[in-house]
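> Any chance you can model this:
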Amino acid sequence: MIQELPTAKAVDKQVADMAQELASLKQQLRSLLPNRYNQTTSSNQQEYTRSNDRPSTPLYESAICYYCLRESHTTYRCPELAKDESQGLVTRRGRDYFLPNGNQIPWNPTRPIRSVVAAASADPKILEAANKIAAARK
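Numbering: from 1, shown residues only. Predicted coordinates for the structure are as follows:
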């Protein structure tokens with residue numbers, strides 16, 4: 001019933017065995033992990049140099065004009081928007097676009113704002129208001 005205490009010799013043997021197991025685990029860990037900090041500088045330069053191959057995808061997405069939905073320019077530089085603004089068919093305040101009668105053009109990303117302006121410009125009342133705005137700007 002009383003357990004015998006281990007002798008000093010047995011304890012020393014267990015400590016030596018544990019130290020040997022710990023050393024073997026450290027060696028296994030070193031063999032599994034890559035050793036990058038002892039490499040020469042030439043291999044580091046090869047690691048970070050870019051090949052001459054062109055990327056398979058474009059590096060950036062082209063900007064889209066929300067007024068006419070073309071990819072060649074942004075809304076800020078849209079020639080159709082500039083023309084319609086000079087004719088008084090549309091006014092821009094911040095991000096919002098308004099018809100000559102003051103109605104705001106609702107935002108719909110599936111259609112260009114230009115289509116709403118073109119449809120509204122068929123109305124004679126809108127054309128009359130646009131002519132007044134264009135005359136006031138001149």
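> And for Tyr14, nearest residue in space, chain neighbours not counted?
Just to correct that, residue 14 is Gln rather than Tyr. In this structure, Gln14 finds its nearest non-sequential neighbour in Pro6, 7.8 Å apart by Cβ to Cβ, 6 or more residues apart in numbering. (C-beta placed from N, C-alpha, C; glycine too.)
> Report how many residues lie close to the one you found.
11 (other Cβ atoms under 10 Å).
> element containing it, please.
Assigned by DSSP states H and E, Pro6 falls within no helix or strand.
> how far away is it from Ala16?
14 Å (Cβ to Cβ, to the nearest Å).
> Run through the residues that contact His73.
Contacts for His73 were tallied using Cβ atoms under 8 Å, 6 or more residues apart in numbering; they are 63, 65, 79.
> now, which of those lie within helices?
Under the assignment DSSP state H, those contribute Pro79 to helices.
> Could you export the contacts of His73 as a markdown table, including pLDDT and distance to Thr57?
As requested, the contacts of His73 are exported to a markdown table (pLDDT from 0 to 100; distance: Cβ to Cβ, whole Å):
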| residue | pLDDT | distance to Thr57 |
| --- | --- | --- |
| Ala63 | 84 | 17 |
| Cys65 | 90 | 22 |
| Pro79 | 94 | 29 |
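> Just the buried residues of the contacts of His73.
Cys65 (16 or more other Cβ atoms under 10 Å).
> Would you format the contacts of His73 as a markdown table with distance to Arg93 included?
Formatted as a markdown table, these follow (distance: Cβ to Cβ, whole Å):
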| residue | distance to Arg93 |
| --- | --- |
| Ala63 | 21 |
| Cys65 | 18 |
| Pro79 | 20 |
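> right, and out of the contacts of His73, which lies closest to Leu89?
Leu89 lies nearest to Pro79 out of the contacts of His73, by Cβ to Cβ, at 13.9 Å.
> Report the secondary structure state of the residue lying closest to the closest one once chain neighbours are set aside.
Of all residues not flanking Pro79 in the chain, His73 sits nearest, at 7.8 Å (Cβ to Cβ, 6+ apart). Following DSSP: H, G, I helix; E, B strand; the rest coil, we place His73 in the coil state.
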